[in-house]
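> below are the sequence and a predicted model for it; my questions follow.
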Amino acid sequence: MELKVSDLTVARGGIPVLENVSFTVPAGQALVLRGANGIGKTTLLRTLAGLQPEQSGQIDCPEDESAYASHADGVKSQLTVEENLRFWADVYGNQVPDTIYEQFDLVDLRQRAAGTLSAGQKRRLGLSRLGVIGRKVLFLDEPTVSLDRFSVKLFADFLQHQHLNQGGIAVIATHIDLGLDAPEMDLEPFRAAPDAAGGSDEAFL
Ligand SMILES: Nc1ncnc2c1ncn2[C@@H]1O[C@H](COP(=O)(O)OP(=O)(O)OP(=O)(O)O)[C@@H](O)[C@H]1O
């Protein structure tokens, strides 16, 4: 299993943002995306996850094996922590692993309505979903927003031991160092040329 991206051009509102992006991530590895605000990390991740069409190029990803986690937590506030996890497990036809509560420091919060959680607790619950859906290829957009250092470490441990070491793949946009042994890709060289980004047409100036 691998994720292979070839000559990919991704766009926002029809305007190319990143051009000719190519990389391969083998099973068991992560790739960290780097780049300034607005360069197109979210656009690239959404395209890789199949949430928006590519402009050109190719994405070879194992079918029905990917999941995208955005800035938003996707937590249902009326449901308890346990009910949220059971809901996600049901959607994917899985069981909730007992160990998930320890892995994300949710043991004491199991019966709490998710709407009453702090931002960081909610984030941990949102991320714990990755441990119940059983998807092999994770596209993660700033997964550590709102997390304190302890929780960042918990999440990095989960990614390394429960996901990558089990043959999973992850592509992660993050401004902080997760401490993973993963190659980084700077997106700056792939910034779409100004012309391609719909620069002004001089004939009409
Ligand atoms: N709906 C939209 N229509 C047109 N352009 C958009 C739209 N949403 C975002 N953009 C632009 O597309 C570009 C890429 O945005 P994207 O969110 O992918 O960047 P990013 O690298 O994830 O940024 P950040 O690090 O700030 O999260 C930005 O210049 C942004 O302003």
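Okay, I see it.
> flag every residue of this structure that's near the ligand.
Within the chain, the positions near the ligand by C-beta under 6 Å from any ligand atom are 12-13, 17, 35, 37-43. (Each C-beta comes from the backbone N, C-alpha and C, glycine too.)
> could you rerun that using 8 Å?
Residues of the chain that fall close to the ligand, judged by C-beta under 8 Å from any ligand atom: 12-15, 17, 35-46, 71, 141-142, 173, 175, 187.
> those in helices, which ones?
Among these, the residues falling in helices (DSSP state H) are 41-46.
> for the residue nearest in space to the middle of the chain, name its beta-bridge partners.
For the chain, the residue sitting closest to the mean C-alpha position, by C-alpha atoms, centre = their mean, is Leu140 at 1.2 Å. Bridge pairing for Leu140 (DSSP bridges) gives the partners Ala69, Ile172.
> list the contacts for it?
Each residue near Leu140 by C-beta atoms under 8 Å, 6 or more residues apart in numbering is listed here: 45, 69, 170-174.
> check Phe155 too.
104, 124, 127, 143-144, 147, 178.
> now distance to Ala193 too, for these, in CSV please.
Shown next, in CSV, are the contacts of Phe155 (distance: C-beta to C-beta, whole Å):
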residue, distance to Ala193
Phe104, 42
Arg124, 41
Leu127, 36
Pro143, 31
Thr144, 32
Leu147, 36
Leu178, 32
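> hmm, back to that, ok, and the most crowded of the contacts of Leu140?
Neighbour counts for the contacts of Leu140 (other C-beta atoms under 10 Å) peak at Val171, which has 28 neighbours.
> look at Gly168 and say how many residues are nearby.
22.
> got the phi/psi numbers for it?
phi -80, psi 170 (degrees, to the nearest 10).
> from now on call the first residue 46
Fine by me, first position is 46 from now on; the one you just mentioned is Gly213.
> surely it and Ile178 touch.
No. With contact defined as C-beta atoms under 8 Å, Gly213 does not count as touching Ile178 (11.5 Å).
> can you pull out the low-pLDDT segments for this protein?
For the chain, applying pLDDT under 70 flags the ranges 240-250.
> so where do the helices sit in the chain?
Using DSSP H, helices in the chain cover 86-93, 126-136, 145-148, 164-173, 194-202.
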